[in-house]
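**Q** here is my input, please return the structure:
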Amino acid sequence: MSVVGVFLVFLLLVGLFGLVNLWANRKREAAFQAWLKEHLPEGMELEDFLKAAPYGYRLLLDRRAYGIWDKRTGDDTPVNTTKTEEEAQAWIIAATLNEQRNPSTLSNRPFPAPNGAHHQGQ
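**A** This is a model prediction of the structure:
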């Protein structure tokens, strides 16, 4: 097999992996949009909900994760971390809706923080 043939096969494989990646990302985005439609209040846009939510998120300094902060405390210690922006948004939505439904709960997080981190409010 010539060098040109090997190069063309390599390009074909790269293109194929790119298409699979694109398909997977579109499928993930569609699933996230369906989750948002199911959980957000009727007529509420994601950006508006996140602005009004008691939590905010931002990329951490190491740029490997997103930190979620409680806006009400003003503390710089994250109450949770997530790997992706979508996970941070979903966490904020779930935690905010959980607080609205159960205002008397001690833990306002819908699921535990990774790595055994503890909530500051407990």
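
**Q** every contact and neighbour count from this point should use C-alpha atoms.
**A** Fine.

**Q** so which residue is smack in the middle of this structure?
**A** Of all residues in the chain, the one closest to the mean position by Cα atoms, centre = their mean is E87, 1.6 Å from it.

**Q** and the pLDDT at it?
**A** The predicted local distance difference test score for E87 is 92.

**Q** one more: the one 10 residues further on?
**A** Turning to L97, the model gives it a pLDDT of 90.

**Q** what's whichever helix or strand it is part of packed up against?
**A** Assigned by DSSP states H and E, L97 belongs to helix 85-101. Under the contact criterion of 3 or more Cα pairs under 8 Å, 6 or more residues apart in numbering; DSSP states H and E, helix 85-101 touches helix 3-39, helix 46-52, strand 55-59, strand 66-70.

**Q** now the last one: buried residues?
**A** This points to strand 66-70. For strand 66-70, burial by neighbour count (16 or more other Cα atoms under 10 Å) applies to Y66, G67, I68, W69, D70.

**Q** that strand pairs with which strands, parallel or anti?
**A** Paired strands of strand 66-70, with direction, are strand 55-59 (antiparallel), strand 80-82 (antiparallel) (DSSP bridges).

**Q** out of these, which gets nearest to L16?
**A** Distances from L16 to each of the strands paired with strand 66-70 were compared by Cα to Cα, and the smallest falls on strand 80-82, at 29.6 Å.

**Q** start and end of stretch 36-48, how far apart?
**A** End-to-end distance for stretch 36-48, by Cα to Cα, to the nearest Å: 13 Å.
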